[in-house]
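Undergrad: I'd like to go over a predicted model; first the sequence, then the structure.
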Amino acid sequence: MMVYQVTQINVNTNTKTKDNVTVTVTCAIQYSVTPQDCDDYYFKLHNPHVQISAYVDDCIRSQIPTMTLDESFESKETMANAVKVQVAHSMEPYGIEVHQALITNMQPDATVMAAMNKINAARRHREAAIEKAEADKILQVRAAEADAEAKHLSGKGTAMMRHAITDGFKSSIESMQES
């Protein structure tokens, strides 16, 4: 009995990127057997999962080495479309219709992931230090402005006090001259 339902297989492909990072790409292939070509599927294929996996591996391994790790993450959709086209074209003579190819996971080597996390953490710490320094600078500028304003007002107060003292002396002298 032939099953015409959509079947999914997950293919894990290990490869290296252009910047020499080992990455495991998981690609989900959703396919079904076309009813009119079930004879081709049954009699021409020995192990469809292995053959589909080989085409997926070939396609992924021809694309990832031309990209850096960051570029490969950015072009997941393009890669998935290329895998779908290649696998669909290659498996069509065997009665297999590929409905979808999805890049479901891209996992770099654990040491690379740890290094990337350290880089991101260092970048965030640096940005936090810059923000803190800017805040400290603003506080110091404001404190200096406040100190300058206080000294200015203190100077005005001292000048007004001296003016009042001289006015008092002047008044005293004038009153002594009149008497």
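TA: Happy to help now that I have it. Numbers count the residues shown, from 1 in each chain.

Undergrad: Report the helix or strand with the lowest average pLDDT across this structure.
TA: In the chain, the helix or strand scored least confidently by mean pLDDT, DSSP states H and E is helix 38-44, which has a mean of 79.

Undergrad: So residue 99: helix, strand or coil?
TA: Three-state call for residue 99 (DSSP: H, G, I helix; E, B strand; the rest coil): strand.

Undergrad: Please give the element, helix or strand, for the nearest residue to it once chain neighbours are set aside.
TA: Among residues not flanking residue 99 along the chain, residue 30 sits closest, at 4.6 Å (Cβ to Cβ, 6 or more residues apart in numbering). To be clear about C-beta, it is placed using only N, CA and C from the backbone, and glycine gets the same treatment. Taking DSSP states H and E as the definition, residue 30 sits inside strand 22-33.

Undergrad: And the residue nearest to residue 99, how close does it get to residue 48?
TA: Remark: distance between residue 30 and residue 48 (Cβ to Cβ, to the nearest Å) = 13 Å.

Undergrad: which of the two has more neighbours?
TA: The residue with more neighbours, out of residue 30 and residue 48, is residue 48; 18 against 15, by other Cβ atoms under 10 Å.

Undergrad: how much space is there between the more buried one and residue 31?
TA: Taking Cβ to Cβ, one finds residue 48 at 8 Å from residue 31.

Undergrad: do residue 164 as well
TA: 99 Å.

Undergrad: Those two: who's more crowded?
TA: Just comparing residue 164 and residue 31: by other Cβ under 10 Å the higher neighbour count belongs to residue 31, 22 against 10.

Undergrad: Tell me what the more buried one is bridged to.
TA: Beta-bridge partners for residue 31, by DSSP bridges, are residue 7, residue 98.

Undergrad: where does the chain have low pLDDT?
TA: 1-3, 179 (pLDDT under 70).

Undergrad: Strands along that one, start to end?
TA: With DSSP state E, the ranges of strands along the chain come out as 7-16, 22-33, 96-108.
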